[in-house]
Structure formats: structure tokens, C-alpha cells
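# 3D model of this:
(one chain, ligands or ions: 1)
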Amino acid sequence: MAEPVLALEGLRKQFGGLVVTDQVTLSVAPGELHAVIGPNGAGKTTLINQISGVLPSDSGRILFAGHDITRLPPHERARRGLARTFQITSVLPAFSALENVAVAVQAHAGSSYRFVGDAAAEPALNGPALAALEEVGLAERADVPAGHLSHGEKRALELAMALVTEPKLLLLDEPMAGTGREETARLIAVLRRLKGRFAMMLVEHDMTAVFALADHISVLIYGRILLSGKPDEVREDPQVVAAYLGDEIEFER
Ligand SMILES: Nc1ncnc2c1ncn2[C@@H]1O[C@H](COP(=O)(O)OP(=O)(O)OP(=O)(O)O)[C@@H](O)[C@H]1O
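Here you go, the predicted model:
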């Protein structure tokens, strides 16, 4: 079996007396989409924060592309190809969609390009930026100010901004949150197209999205992995259904 892109070994995080993640061990294979599901407060966002480095882990190890990154700061993890998407902070509303992605291309390129106020004027930035917008279905909206995009389009834009960093792993934290049915379907289609090219870890409450996309699902309950397996195994596990999925899963059949 190919070396996993990401391997978590016994990861743990405690806030005061509250153990939020505990003994979390899982791995994400190259090109695999691994979904982490679980009820509110299960520790999913904390886990994503531990992986991206925003939160230091109390114990356990994080291996990324075979290297121990447990103690590295977030920017160093990002530089190695660990991209987190759907952070509200990243989009500049007054800039066009294309300019936003061009700025991300520029940031990734580092000092090779100098920012002179109009990043999108630089063809070397525009080319990859437009290609990324095409990948997420936003090419026709390239000139629209990001602030005027719909909620789902903004999420697709954030995804395009992550893609230009040439990630080895995309961490997707509830990309479908707040999107309508149609936009969810569009985002699912985008992620399905990207599947196989990037390894992805998806934290998501929308079970339609999870079961449409995941190759592997881990169920987190009270910070611990209750079950990790193929979607069909998870769907049919009586413990999981009882603890969490219930009617939602009936709905997805
Ligand atoms: N910085 C913090 N300090 C103290 N407690 C925290 C902190 N961050 C999270 N928690 C607690 O940790 C628990 C897990 O939170 P977390 O946000 O990781 O869960 P989640 O599975 O992502 O939930 P949701 O599905 O609602 O987003 C919650 O009880 C939360 O209140």
C-alpha cells in the first residue's frame, strides 16, 4: 500500500478538564477523500485545527508525507502542501474572483513576484488563477468582485485559492455549511472532479455530500473514533446508526 499522505497517531487535545480529542488514529491515502463525521461538539473542528497546526496537540503524532510535522507551525505545514480551505478570513471582497486567486498564486510563489497593487495584471499570475477558477466552475465569474459572489461561489473561490498552492492534502472544514441545495450539489460536483488528484479530509454534517464523496469515513464521538471504514460499513454499523446517523442515513439510501 502506498504511504499515506497523512497519518494521525494517538492524537489528543484537552481544554482544561475537557478532553476534546483522544487517541485519534487514522490515515489518508494519496488521492483518497476521507470524511470525518460526528455530532456537534464531537471534536471535529479541534482535530482539523490540530492537523493544520492552529492548535498544538497535547500528545500523539502527525505524519505528513512521511515527515513528523507535530511541532511545526501552521505556515510551515502549509508550505509543505497542507492546505485548509473555507476559512472565512481569506477572501478580499473588493477584489475580483480572479484577483483573489492571483493573490493566492503570488503568495504561494513567495518573493518571485512583487505585489504592485494589481496582481491580476501579471499574466504569470493570471494563467494559473484562471485555470483554478475553471476547475471550480467559476471561470465565467472571474471579473465579479468576491463580495458580490453567492455564498456557495465564495466557497468555491476559497477552494480555487487553495488549489493554486499545489496542495498534497486539502482540509475541508464544513464546506457545505450555509449553502442551499443547488449550491451544495454544485460543490459536490466540483469536489468529485478534484477527487483522486488531491488527498482530502472532509469534515461535514451534510450526509448527502459525505456519502456522495467519501472513500473512507471515520466517525468521531466524544473525541474518539467510534468506527473507521468504507461508506457502506459505516452506513450499516448499528452502533453508528444508534449513536449518530439514524434517520439521516435512511434519508440518504
Ligand atoms: N478553545 C477552546 N476552549 C475550550 N473548549 C473548547 C475550545 N474549542 C472547542 N472547545 C470545546 O471542545 C468541544 C469540541 O468542539 P469542536 O468545535 O471541536 O466540535 P465539532 O465536532 O467541530 O462540533 P460542530 O460539529 O458543532 O462544529 C466542544 O465541547 C467545545 O465547546
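
# which element is His205 on?
His205 belongs to no helix or strand when assigned by DSSP states H and E.

# ok, how many other residues are close to the spatially closest residue to it that is not a sequence neighbour?
Spatially, and ignoring its direct neighbours in sequence, His205 is nearest to Glu174 (6.6 Å; C-beta to C-beta, 6 or more residues apart in numbering). Where C-beta positions appear, they are placed from N, C-alpha and C, glycine not excepted. Applying other C-beta atoms under 10 Å, we find 18 residues neighbouring Glu174.

# Tell me where this protein has strands.
For the chain, applying DSSP state E gives strands covering 6-15, 18-28, 33-37, 59-64, 67-68, 82-85, 169-173, 199-203, 216-221, 224-229.

# Which strands or helices does the fourth one pack on?
When contacts are defined as 3 or more C-beta pairs under 8 Å, 6 or more residues apart in numbering; DSSP states H and E, strand 59-64 sits against strand 6-15, strand 18-28.

# change it to 7 Å
Contact here means 3 or more C-beta pairs under 7 Å, 6 or more residues apart in numbering; DSSP states H and E; on that basis strand 59-64 packs against strand 6-15.

# Tell me where the model's unsure across the stretch 1-150 of the chain.
For the stretch 1-150 of the chain, the stretches with pLDDT under 70 are 1, 86-89, 111-121.

# which residues in it form helices?
Along the stretch 1-150 of the chain, counting by DSSP state H, counting those that start in this stretch, helices occupy 44-52, 74-79, 97-109, 123-135.

# what packs against the first one?
Right, helix 44-52. If contacts are counted by 3+ C-beta pairs under 7 Å, 6+ apart, helix 44-52 sits against strand 6-15, strand 18-28, strand 169-173, strand 199-203.

# what about 6 Å?
If you count contacts as 3 or more C-beta pairs under 6 Å, 6 or more residues apart in numbering; DSSP states H and E, helix 44-52 packs onto strand 6-15, strand 18-28, strand 169-173.

# ranking those strands by burial, who's on top?
The highest mean neighbour count among the helices and strands packed on helix 44-52, using mean count of other C-beta atoms under 10 Å, belongs to strand 169-173: a mean of 24.

# for the record, mean pLDDT for that strand?
Mean per-residue pLDDT for strand 169-173: 93.

# Name every strand pairing with it and say which way it goes.
Paired neighbours of strand 169-173 in the sheet (DSSP bridges): strand 82-85 (parallel), strand 199-203 (parallel).

# roughly how far is it from the heart of the chain?
2 Å (C-alpha atoms, centre = their mean, to the nearest Å).

# go on, stretch 157-171?
8 Å.

# any weak-confidence spans in the stretch 151-253 of the chain?
In the stretch 151-253 of the chain (pLDDT under 70), the answer is 243-253.

# just to revisit the earlier point, now the helices and strands packed on helix 44-52 in TSV, with distance to Ile51?
Output for these, formatted as TSV (distance: least, C-beta to C-beta, whole Å):
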stretch	distance to Ile51
strand 6-15	7
strand 18-28	10
strand 169-173	6
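
# Any chance of CSV for those strands, columns distance to the ligand?
As requested, the helices and strands packed on helix 44-52 are exported to CSV (distance: least, C-beta to the nearest ligand atom, whole Å):
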stretch, distance to the ligand
strand 6-15, 3
strand 18-28, 4
strand 169-173, 8
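
# Please tabulate the strands of the chain in CSV, including the columns distance to Ala146.
As requested, those are exported to CSV (distance: least, C-beta to C-beta, whole Å):
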stretch, distance to Ala146
strand 6-15, 29
strand 18-28, 30
strand 33-37, 26
strand 59-64, 30
strand 67-68, 34
strand 82-85, 15
strand 169-173, 19
strand 199-203, 23
strand 216-221, 32
strand 224-229, 37
